[in-house]
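In: Need a 3D model of the sequence below.
(6 chains)
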There are 4 protein chains.
Amino acid sequence: MQYKKDELKNTILQNAENEFFEKGFQNASLRQIAKLSNTTIGNLYHYFESKEALFEALVGQEYQGFLFFINNHGNIEAPNQAWETRDIGIWRRLLREFIQKVSPVFTKRFYLLVSRSQGTRYETVRTAFISFMEEHFLEHLRETKTHCAEEMGKIISEQLLASLLTIIRDYSDETKKSELIAETLLFTLIGAMGILED
Amino acid sequence: MQYKKDELKNTILQNAENEFFEKGFQNASLRQIAKLSNTTIGNLYHYFESKEALFEALVGQEYQGFLFFINNHGNIEAPNQAWETRDIGIWRRLLREFIQKVSPVFTKRFYLLVSRSQGTRYETVRTAFISFMEEHFLEHLRETKTHCAEEMGKIISEQLLASLLTIIRDYSDETKKSELIAETLLFTLIGAMGILED
Amino acid sequence: MQYKKDELKNTILQNAENEFFEKGFQNASLRQIAKLSNTTIGNLYHYFESKEALFEALVGQEYQGFLFFINNHGNIEAPNQAWETRDIGIWRRLLREFIQKVSPVFTKRFYLLVSRSQGTRYETVRTAFISFMEEHFLEHLRETKTHCAEEMGKIISEQLLASLLTIIRDYSDETKKSELIAETLLFTLIGAMGILED
Amino acid sequence: MQYKKDELKNTILQNAENEFFEKGFQNASLRQIAKLSNTTIGNLYHYFESKEALFEALVGQEYQGFLFFINNHGNIEAPNQAWETRDIGIWRRLLREFIQKVSPVFTKRFYLLVSRSQGTRYETVRTAFISFMEEHFLEHLRETKTHCAEEMGKIISEQLLASLLTIIRDYSDETKKSELIAETLLFTLIGAMGILED
DNA sequence: AATGAATGAGGGTTCATTCAT
DNA sequence: AATGAATGAACCCTCATTCAT
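Out: Numbers count the residues shown, from 1 in each chain, chains lettered A, B, ... in the order given. Below you'll find the predicted structure:
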């Protein structure tokens, strides 16, 4: 019985993932999720106590991962050493190594957490993530006296997040995903260095 | 009465703009818009014949501008000549000139048109805009044998759009807006050139 | 000014006639009538104090005619003499003469009065008309010992009314209309005589 | 719970039948149906997914019967042989036998299907039924050179339909219903034969 | 005579959630 | 563990009618 129960629970989670992915939290329909899962709405409430709880079941772990990432990025951020060189080949290699470590964070459910959570208690995650990136970029941008550094920090962050979400959305192959994320980061770093004031 | 009418109409439009901006077309509530405008929902229908018509009143002109931009970009796209130089200063100047011409298109309502129009007849605009940019980038990216050119075209487009929307959202000063858009474009061009395969 | 006023009033009446004819009283829309009449709904209320008053303006006279017809049918009902003969040619001639006298009653507005008045104070007219006819038929049917005389009286009345309304609806030419009404009456009389018990 | 469910479902259907009967599809109010059924409108939607679906639940079977009748009338139409005789007694007997076969089609819900379905996908049934009858009458009417045969075909059809609907509306006893339908048909046939040109 | 802004009630419909079974 | 009946609030929208101008 336990087996069957878990099976249905996973089915519900899977269908919920798709529904939230397509319509966002607020526009997703529990009825639709129940129907796709071949169960009733009443029974769905037996597994998850509310719409938000269902969403939470999907992204809770991702949220913990996100928090960990935010709080411990110092430990994983290796490639700073590359900052010295101007050889793109080296950068690319270093970035790939780095990304392969953090890439597992960037799942479809992470996408939900950041991008489809309006109406839930996670709706601030997106802003938090942007702020986090902004801070990091600002250090470098200010250092290098970038044009409009203050403003560009936020913009570049939004930009990077958009890329990240696009990649997550469109590519499920882990290797490809990592490659593209690395490439995008590289792209951003080059851009960021390029707009230095001479 | 004419005076008062216009006043309320504008109030409605303003509140609708905010409501659509915050919740998107589908989740926006006419009741809420009416309440904020200190009128009844029945009266709101006196001014706009449907929810979509209200949205259209906000973004219709922007849509025309968008179409014009898509169809006539050939005539305005001057800075291609700059492609030869590597002097960032020159690029920046050329880009700013170019952006100042197209910048009026990028209003807050343009933001609604592209980003909050799901459920309306404009919901394809975003994709169209992305495709438009993608095509343009692909030419250059393929030429320069960029790593993962095909995929990066789409990603860079999404990224650029995200920047654009962020800038529109956060800055209402026309000069600042133009400056930042130009800077972002510059950023993107440098990035695009920089990730060449050696 | 008086001239213009009457002109618009007639336009409204005409459009109302069409609207009531197509949709019936309850489903007719004053907005639609106003729009078709190239005026505003406020102005429409200047001419007619309510939806029902507008309907009344259309069928009031017809209603008076109907009442007169009901109360004075003794004076006009000539062709009873024909009841003696079995020569259809004679009947047809007599019926046509008779119908030509009463035919002007059966206008399009009479159709509205009988058939599109649900929701107004005239909604009983239809039943009254049926009862009126029923009484008349019953006399003859009982006399001639028709099968199920009691029940057939009502049924034949409904039937005759249906024919009448169909003819009014489909034929605007006065001569044709009279001809068909006469033919239908003839048809009914023959039927009524034919189903005698042997 | 199954028992109670069916009970309410039937209550709803019954109240809906009355409401549709009185006001027609478009003017019927789901709120009213819900109130009469001592439930909420939300719960009504638990049983029927839309207003039209509720109507369909009432008349769907009747519609199938109607289609069958239209398509298979050739097989059941026995009494053509009687066309030779002028003995009304024989006709009456043959007609009753015929009607008893088709009479189950003519239920109260058939009345809804034909007469109260404007606004649903069944709104063409009435016209189809009229056309069907018209074709049948026209054959005979033309043959016998009836006065105004073309026009009378339609009129007689409308007339017959009116009778039919009246009988359905007023009589629920199956035997009485059959008897009256047969009598009406007889009435019509005699009328049709009687108005021959000499 | 004419305008059209405003109201309030009602239309069909969808929803997350609760709860007795 | 599972059902599905029931609720109540909200959704967009239409309407006849009133009234200040």
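
In: How is chain A divided into domains?
Out: A:1-48, A:58-194 (automatic domain parsing).

In: touching DNA strand F at all, the longest one?
Out: So that's domain A:58-194. No - against DNA strand F, domain A:58-194 shows no contacts by Cβ under 7 Å from any atom of the strand, the least distance being 13.0 Å. Yep, even glycine has a C-beta here, placed from its N, CA and C like the rest.

In: ok, now the shortest one?
Out: Yes - shown here: domain A:1-48 in contact with DNA strand F (Cβ under 7 Å from any atom of the strand) through A:1, A:4-5, A:8, A:39-43, A:45-46.

In: of all those, which comes closest to residue C:100?
Out: Nearest to residue C:100 among the residues of domain A:1-48 next to DNA strand F is residue A:41, at 69.5 Å by Cβ to Cβ.

In: Read off the pLDDT value for residue A:103.
Out: Looking at residue A:103, its pLDDT is 89.

In: Would you confirm that it contacts residue A:179?
Out: No - using Cβ atoms under 8 Å, residue A:103 makes no contact with residue A:179, being 9.7 Å away.

In: which stretch in the domains of chain A is the model least sure about?
Out: domain A:58-194 (a mean of 88).

In: Tell me which residue in chain A sits closest to chain D.
Out: residue A:41 (10.7 Å; Cβ to the nearest Cβ).

In: give me every residue that touches that residue.
Out: A:30-31, A:34 (Cβ atoms under 8 Å, 6 or more residues apart in numbering or on different chains).

In: By proximity to DNA strand F, which residue of chain A wins?
Out: Nearest to DNA strand F in chain A, going by Cβ to the nearest atom of the strand, is residue A:42, at a distance of 1.7 Å.

In: Can you point out the helix or strand that includes that residue?
Out: helix A:41-47 (DSSP states H and E).

In: hmm, the next helix or strand along the chain from that helix in reach of chain B?
Out: With elements assigned by DSSP H and E, the helix or strand that comes after helix A:41-47 is helix A:51-76. No - Helix A:51-76 stays clear of chain B (Cβ under 8 Å from any Cβ of the partner chain), getting no nearer than 14.5 Å.

In: Helix A:51-76 near DNA strand E at all?
Out: Yes - counting by Cβ under 7 Å from any atom of the strand, DNA strand E is contacted by helix A:51-76 at A:51-52.

In: buried ones in that helix?
Out: A:51, A:54-59, A:62-63, A:65-66 (16 or more other Cβ atoms under 10 Å in any protein chain shown).

In: ditto for stretch A:87-107
Out: For stretch A:87-107, burial by neighbour count (16+ other Cβ under 10 Å) applies to A:88, A:91-92, A:94-96, A:98-99, A:103, A:106-107.

In: Please tabulate the residues you listed in CSV, including the columns secondary structure and distance to DNA strand E.
Out: Listed next are these as CSV, based on DSSP: H, G, I helix; E, B strand; the rest coil; distance: Cβ to the nearest atom of the strand, whole Å:
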residue, secondary structure, distance to DNA strand E
A:88, helix, 48
A:91, helix, 46
A:92, helix, 45
A:94, helix, 45
A:95, helix, 41
A:96, helix, 41
A:98, helix, 40
A:99, helix, 36
A:103, helix, 32
A:106, coil, 27
A:107, coil, 23
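
In: And the residues you listed, which is closest to chain B?
Out: Among those, residue A:88 lies closest to chain B (Cβ to the nearest Cβ), at 6.8 Å.

In: My read is that the closest one contacts residue A:189, right?
Out: No - Residue A:88 lies out of contact with residue A:189 (Cβ under 8 Å); the separation is 9.5 Å.

In: Alpha carbons only: can I get the helix holding residue A:42 in CSV?
Out: Backbone C-alpha positions of helix A:41-47 (Å, rounded to 0.1, in the frame of the first residue of the first chain) are rendered in CSV as follows:
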residue,chain,number,x,y,z
ILE,A,41,-9.4,16.6,-5.8
GLY,A,42,-10.4,15.4,-2.4
ASN,A,43,-7.7,12.8,-2.5
LEU,A,44,-5.2,15.3,-3.7
TYR,A,45,-5.8,17.1,-0.4
HIS,A,46,-5.0,13.9,1.3
TYR,A,47,-1.5,14.2,0.1
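
In: Tell me how far it lies from the chain's centre.
Out: 29 Å (Cα atoms, centre = their mean, to the nearest Å).

In: All good on my end, thank you.
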